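Trainee: one predicted model, sequence on top.
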Amino acid sequence: MAEVVIVPSPADAGALVADEIVRLIAARPDVVLGLATGSTPLPVYEALRPRLAGIDVSRVRGFALDEYVGIDPRHPQSYRSVITTEVVEPLGLDPERIHTPNGDLASIAHAGEDYERAIADAGGIDLQILGIGTSGHIGFNEPGSSFASRTRVKTLIEQTRRDNARFFDTIDEVPMHCITQGLGTILSARHLFLLAFGEGKAAAVAGAVEGPVTSSLPGSAIQLHPHVTVVVDEAAASHLEHADYYRYAYANKPAWQGL
């Protein structure tokens with residue numbers, strides 16, 4: 001069972017995850033982080049800024065979850081650009097050590113294999129940050145994705161394109177295809193942190209944590225992982241049947257267990 005931590009606000013969630021990342025960097029300066037984009041992980045990156053002051057992060061490595069196919073990496077909504085402006089530059093990371101999947105059409109046929117090889121060469125991902133879409137997708141693994149899937153090209157469903165249209169001028173500008181870490185890739189990370197905020201994510205969170213494990217809700221794949229921490233605010237937790245138990249278990253958790 002995933003550990004579910006219900007917090008008052010996204011800022012509290014960001015602080016919780018940021019503290020764990022700082023602990024990992026202190027223990028292993030070349031830690032490998034799995035980086036998510038979008039609005040959900042922003043509280044984590046914001047909380048990291050003051051916490052990393054004075055800490056050497058020059059050896060920290062990172063791999064983004066996904067990238068649009070066919071988008072110029074200099075486009076402000078490419079995930080390469082987003083990771084650079086929201087993570088690399090504010091946190092002082094080495095851009096050469098932070099990777100995104102290659103969405104270039106010229107090399108897309110083998111881009112997934114290339115990315116898998118790069119992750120393996122880095123020793124695997126130590127801590128993976130995840131959000132969850134209203135359709136239940138994690139990364140860009142839409143409903144129907146195989147739990148054994150590795151990094152590959154996927155076609156985005158209309159709901160996801162509508163959700164992401166807020167970052168573009170129109171929905172027509174949202175790319176149709178992406179390259180994403182697969183569910184199998186995500187499940188290979190040593191520790192998963194899934195974050196969700198707001199009533200709009202409540203159904204997806206409940207399905208991922210308490211529903212059946214099904215490819216119809218890709219986020220439910222987290223139930224197959226031995227070390228998952230789900231951090232949600234009260235609104236996102238509102239559909240959880242066992243919310244009171246999660247609160248009780250976290251309040252009485254032995255300090256030595258950590259996250």
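Mentor: Received it, and whenever you're ready, just let me know what you need.

Trainee: what strand or helix carries Tyr245?
Mentor: According to DSSP states H and E, Tyr245 maps onto helix 243-251.

Trainee: what lies in contact with that helix?
Mentor: Contact with helix 243-251 is made by Glu3, Val4, Val5, Ile6, Ala237, Leu240, as judged by C-beta atoms under 8 Å, 6 or more residues apart in numbering. No exception for glycine: its C-beta is placed from N, CA and C like everyone else's.

Trainee: buried sites along it?
Mentor: For helix 243-251, a neighbour-count test (16 or more other C-beta atoms under 10 Å) marks Ala243, Tyr246 as buried.

Trainee: quick check: mean pLDDT of that helix?
Mentor: Averaging pLDDT along helix 243-251 yields 96.

Trainee: report the distance from that helix to the chain centre.
Mentor: Distance, stretch centre to chain centre, for helix 243-251: 24 Å (C-alpha atoms, centre = their mean, to the nearest Å).

Trainee: got it, and stretch 65-82?
Mentor: Per C-alpha atoms, centre = their mean, the centroid offset for stretch 65-82 relative to its chain is 16 Å.

Trainee: residue boundaries of the strands in this structure?
Mentor: In the chain, strands defined by DSSP state E lie at 3-7, 32-35, 61-64, 66-68, 98-99, 127-130, 152-155, 177-180, 191-196, 228-233, listed in chain order.

Trainee: picking that back up, so can I have a markdown table of the contacts of helix 243-251 showing pLDDT?
Mentor: Putting the contacts of helix 243-251 into a markdown table (pLDDT from 0 to 100) gives the following:
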| residue | pLDDT |
| --- | --- |
| Glu3 | 97 |
| Val4 | 98 |
| Val5 | 98 |
| Ile6 | 98 |
| Ala237 | 98 |
| Leu240 | 98 |
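
Trainee: return the set of residues that bridge with the residue positioned nearest the centre of the chain.
Mentor: Computing the C-alpha centroid of the chain and ranking residues by C-alpha atoms, centre = their mean puts Leu130 first, at 2.2 Å. On the basis of DSSP bridges, Leu130 takes part in beta bridges with Leu194.
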